[in-house]
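**Student:** can't give you the sequence, but here's the structure:
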């Protein structure tokens with residue numbers, strides 16, 4: 001049997017978890033949620049060490065916390081690569097980068113009253129960061145090892161659920177009210193102006209529609225074949241009078257360039273962007289087509305009509321129940337989705 005690298009990583013993660021738990025000298029007793037006193041909370045740490053999309057779907061947590069505890073200071077502990085999600089966010093007072101040792105130490109000495117680990121499936125790094133915060137209330141989802149790290153354990157809802165709602169479930173468990181149930185990003189006025197100037201420079205005719213396409217996903221099982229993107233782009237240009245704007249990240253720029261070249265006239269390459277500048281750019285698209293990856297969540301946060309490409313049931317955890325602004329196109333495998341079905345998705349918004 002061939003041993004896949006992911007199997008090795010999973011095995012090592014399990015061993016490391018057991019070693020850390022063995023070394024833990026103090027296990028604090030779990031507190032009944034009734035003992036949680038919101039009036040004792042003035043300084044909060046929110047931990048989100050995973051993907052860009054996961055952090056985007058966590059943004060309502062910050063807003064609802066501010067609504068419930070308007071005098072509290074909120075700090076986010078995140079990765080360098082997803083930290084841009086919180087740029088200009090008015091509901092976050094400080095962003096600490098977990099990858100920087102000095103900032104990680106700051107998270108351990110910040111005088112926090114409450115720390116919340118938002119990751120649904122137990123993760124040692126984020127659970128340990130929660131424990132090391134020294135907060136009086138350490139909150140996370142109940143799991144096999146969670147009692148070693150949290151003293152308030154939220155019960156899990158095992159049914160399929162939008163990740164954004166899972167994040168809010170922790171606040172509901174703490175008996176907080178929920179006023180905001182939408183993800184949000186905050187591009188600057190300068191970023192919006194630069195994107196406007198870029199779109200203007202394309203000289204797109206007034207009657208044409210602008211369709212964004214992001215061909216990269218970062219995961220092979222979520223990829224849609226390049227040749228299908230090419231066929232889709234050509235048909236949209238020919239039959240819908242569309243202008244195709246191909247967006248990209250650092251790892252898939254060459255893929256985006258190939259797509260623009262193969263579609264030919266009517267397609268152009270987007271400029272390099274960060275998370276918030278891409279958010280600004282997408283607002284100039286009439287429709288955005290993307291697989292299950294960060295840019296799809298950026299589009300949803302900016303309320304840009306999204307045609308999302310998903311494998312079987314992948315949309316259940318990654319799209320909201322109400323899909324007024326989303327067309328889900330799926331198949332047993334993402335690669336099996338037909339071009340004609342994607343075009344039907346686009347037509348929903350034209």
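**Tutor:** Great, that's in hand. Just so we're clear, the structure is a prediction, and the values are computed from it rather than from any experiment. Numbering: from 1, shown residues only.
**Student:** Show me where the stretch 51-200 of the chain has its strands.
**Tutor:** Here the stretch 51-200 of the chain has its strands, by DSSP state E, counting those that start in this stretch, at 73-78, 94-97, 114-117, 137-141, 152-154.
**Student:** how about the second one: buried residues?
**Tutor:** By that I understand strand 94-97. Buried residues in strand 94-97, counted by 16 or more other Cβ atoms under 10 Å: 95, 96, 97. From N, CA and C alone the C-beta is placed, and that goes for glycine too.
**Student:** Can you redo the residues you listed as TSV, where the extra columns are pLDDT and distance to residue 235?
**Tutor:** Converted to TSV, these look like this (pLDDT from 0 to 100; distance: Cβ to Cβ, whole Å):
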residue	pLDDT	distance to residue 235
95	98	43
96	98	47
97	98	43
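**Student:** give me the number of residues near the closest residue in space to residue 278 that isn't next to it in sequence?
**Tutor:** Leaving aside its sequence neighbours, residue 278 sits nearest to residue 298 (Cβ to Cβ, 6 or more residues apart in numbering; 5.7 Å). A total of 30 residues lie near residue 298 under the criterion other Cβ atoms under 10 Å.
**Student:** is it fair to say residue 268 lies in a strand?
**Tutor:** Yes. Counting by DSSP: H, G, I helix; E, B strand; the rest coil, residue 268 is found in a strand.
**Student:** thought it was touching residue 248?
**Tutor:** No. Look at residue 268 against residue 248 with Cβ atoms under 8 Å: they stay out of range, at 11.8 Å.
**Student:** Does residue 144 touch residue 121 like I think?
**Tutor:** No. Taking contacts as Cβ under 8 Å, residue 144 lies outside contact range of residue 121: 10.4 Å.
**Student:** mind listing the helices for the stretch 201-350 of the chain?
**Tutor:** 226-240, 253-263, 275-282, 294-301, 315-318, 339-347 (DSSP state H, counting those that start in this stretch).
**Student:** mind listing what's buried in the third one?
**Tutor:** The one in question is helix 275-282. 275, 276, 277, 278, 279, 280, 281, 282.
**Student:** out of those residues, who's nearest residue 83?
**Tutor:** Lowest distance from residue 83 to the buried residues of helix 275-282 (Cβ to Cβ) belongs to residue 275, with 8.7 Å.
**Student:** And for the closest residue to the closest one other than its chain neighbours, the neighbour number?
**Tutor:** The shortest distance from residue 275 to any non-neighbouring residue, by Cβ to Cβ, 6+ apart, is to residue 84 (3.8 Å). Applying other Cβ under 10 Å, we find 20 other residues in the vicinity of residue 84.
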